[in-house]
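**Student:** Got a predicted model here, sequence first, then my questions.
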Amino acid sequence: MAMTEEQLRERLRKIAALFDGAKTAGEREAAAAAMARVKESLKTARPDPAKVYTEPLVEMQFSLTDQWQRRLLSALCRRYGLTPFRYRRQRHTTLMVRVKESFLNQVLWPEYCQLRDALDQYLREATDRIIREEIFSDASEAKEREG
């Protein structure tokens, strides 16, 4: 079943809402349960107080395979106040960002992966539909032959 653009937008809003904070009673309950688990795990683990407050920014390099992934990650970085950039002579597929590693691992990268997967599915379905309807009904991959 093909996803419409409005369905994609709704799915993206839902994914973003999960990371932005609880919006409904159910989400608040889930967030409260998650917070309780985090607090419980914090009791057993004793983090270095100096590291908690002074976690340094790390410079991350991403090699993204297409313009859609690069544009998505750039927009997501900007949404969180990060500045994506490239050094002179780096490939256009490279994206650099200075970010706290914990934020990258707990928020930015998981959200990017979910959004990327949703956009990939939408673009794949739209491309297949347009090819079938406007070019030729068989939009399957080419068959592989022996040498």
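**Tutor:** Perfect, thanks for sending it.
**Student:** which helix in the protein runs the most residues?
**Tutor:** Ranked by number of residues, the top helix in the chain under DSSP state H is helix 109-130.
**Student:** Look at the closest residue in space to residue 64 that isn't next to it in sequence and say how many residues are nearby.
**Tutor:** Excluding the flanking residues, the one nearest residue 64 by CB to CB, 6 or more residues apart in numbering is residue 70, at 4.4 Å. For every residue, glycine as well, the C-beta is placed using N, CA and C. Residue crowding around residue 70 was assessed by other CB atoms under 10 Å; the count is 19.
**Student:** residues in contact with whichever strand or helix holds residue 70?
**Tutor:** Element membership for residue 70, per DSSP states H and E: helix 67-79. Contact with helix 67-79 is made by 62, 64, 83-84, 92-93, 95, 97, 99, 108, 111-112, 115-116, 119-120, 123, as judged by CB atoms under 8 Å, 6 or more residues apart in numbering.
**Student:** Give the buried subset of these as a ChimeraX selection command.
**Tutor:** Buried members of the contacts of helix 67-79, defined by 16 or more other CB atoms under 10 Å, are picked up in ChimeraX with:
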select :62,64,84,95,97,99,108,111,112,115,116,119
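**Student:** dump the residue contacts of the residue lying closest to residue 100 once chain neighbours are set aside.
**Tutor:** Computed as CB to CB, 6+ apart, the closest residue to residue 100 that is not its neighbour in sequence is residue 55, at 4.9 Å. Taking CB under 8 Å, 6+ apart as the criterion, residue 55 is in contact with 100, 101, 102.
**Student:** ok so, going back, so what secondary structure elements neighbour the very next helix or strand once past the helix holding residue 70?
**Tutor:** Downstream of helix 67-79, the first helix or strand assigned by DSSP H and E is strand 94-100. Contacts defined by 3 or more CB pairs under 8 Å, 6 or more residues apart in numbering; DSSP states H and E place strand 94-100 against strand 57-63, helix 67-79.
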